[in-house]
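Colleague: 3D model of this:
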Amino acid sequence: MEQDLSSYRKSYEKGELLKSEAPENPIELFRDWFMEVDRHFPEDESNAMTISTIGLDGFPKSRVVLLKKFNEEGFVFYTNYKSEKGRAIEANPNICLSFFWHGAERQVIIKGIAEKLAENLSDGYFESRPRGSQLGAIASDQSTVVKDREELESRLKALESQFKDKDIPRPSYWGGYLVKPIEIEFWQGRPNRLHDRLRYKLESDFGWKLDRLSP
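Modeller: You can find the predicted model right below:
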């Protein structure tokens, strides 16, 4: 069945992105954009990001995860290290993160290198999670084939009984990654498809080179 989408149109008119007003450090611009989206566009899940990896089968794969922290070092998220994405990162730590904030008509694309967080940092975050999320991380053998939903529910009930009135330890196969950026591109939608694109590239002296790109 064919569906023709060629008539779909949207004019982007909510903002502009000028090189003359951009800060030297892209993390500052990311912080400003993130806070603006979080404040003015609550319908957007501001920390939802798409992470793309190169799988063991040689194909790229993208999925949405949640950003849990960012600072001058980079961007932090958590996952199962034995999952499809975890195994892909182990084989090739060069990954891409992207944010699309449709309310603000903005996109950010981050190329970076992922490395595991120190165990104590993963421990601290795991302890802060709701018990249901802690148990879910143990119950789910992420990315493996499961017979049915009931199998997952059964695992969860068994774990609830096992850890009743007990602290739940972080499993060794679950933890965080820090993505250290080497390139960050900011995209602001503009009318007539003449969008603003500014790209920061990390240089050998750890400074950032800023260029405007054609839309």
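
Colleague: tell me which residue lies nearest the centroid of this protein.
Modeller: residue 49 (3.6 Å; Cα atoms, centre = their mean).

Colleague: just checking, that residue is part of a helix?
Modeller: No. In this structure, residue 49 is strand, not part of a helix, as judged by DSSP: H, G, I helix; E, B strand; the rest coil.

Colleague: number of residues surrounding the closest residue in space to residue 121 that isn't next to it in sequence?
Modeller: Leaving aside its sequence neighbours, residue 121 sits nearest to residue 176 (Cβ to Cβ, 6 or more residues apart in numbering; 6.2 Å). For glycine as for every other residue, the C-beta is placed from the backbone atoms N, C-alpha and C. The local packing count at residue 176 equals 23, with neighbours defined by other Cβ atoms under 10 Å.

Colleague: surely residue 176 is in contact with residue 68?
Modeller: Yes. Between residue 176 and residue 68 there is a contact at 7.4 Å, judged by Cβ atoms under 8 Å.

Colleague: touching both of those two, which residues are there?
Modeller: Common contacts of residue 176 and residue 68, defined by Cβ atoms under 8 Å, 6 or more residues apart in numbering, comprise 76, 77, 78, 125.

Colleague: list phi and psi for residue 35.
Modeller: For residue 35, the backbone dihedrals are phi -70, psi -40 (criterion: degrees, to the nearest 10).

Colleague: check what pLDDT it gets.
Modeller: The pLDDT attached to residue 35 in the predicted structure is 97.

Colleague: next up, the contacts around it.
Modeller: Applying Cβ under 8 Å, 6+ apart, no residues qualify as near residue 35.

Colleague: got any ranges where this protein has weak pLDDT?
Modeller: When residues are selected by pLDDT under 70, none of them lie in the chain.

Colleague: what about the helices in it?
Modeller: Shown for the chain, the helices assigned by DSSP state H span residues 26-40, 84-91, 119-128, 131-139, 149-162.

Colleague: can you tell me which of these is nearest to residue 182?
Modeller: Nearest to residue 182 among the helices of the chain is helix 26-40; the distance by Cβ to Cβ comes to 10.9 Å.

Colleague: quick one: that closest one to chain centroid distance?
Modeller: The chain centre lies 15 Å from the centre of helix 26-40; the measure is Cα atoms, centre = their mean, to the nearest Å.

Colleague: if I look at the nearest residue to residue 180 once chain neighbours are set aside, how far off is residue 44?
Modeller: Distance criterion Cβ to Cβ, 6+ apart; nearest residue to residue 180, sequence neighbours excluded, is residue 74 at 4.3 Å. Relative to residue 44, residue 74 is positioned 22 Å away (criterion: Cβ to Cβ, to the nearest Å).

Colleague: more crowded one of those two?
Modeller: residue 74 (20 against 17).

Colleague: is the more buried one in contact with residue 97, as I believe?
Modeller: No. Shown here, residue 74 and residue 97 do not form a contact pair, counting by Cβ under 8 Å, at 9.5 Å.

Colleague: how many neighbours does residue 180 have?
Modeller: Here the neighbour count serves as a burial measure; for residue 180 (other Cβ under 10 Å) it reads 15.
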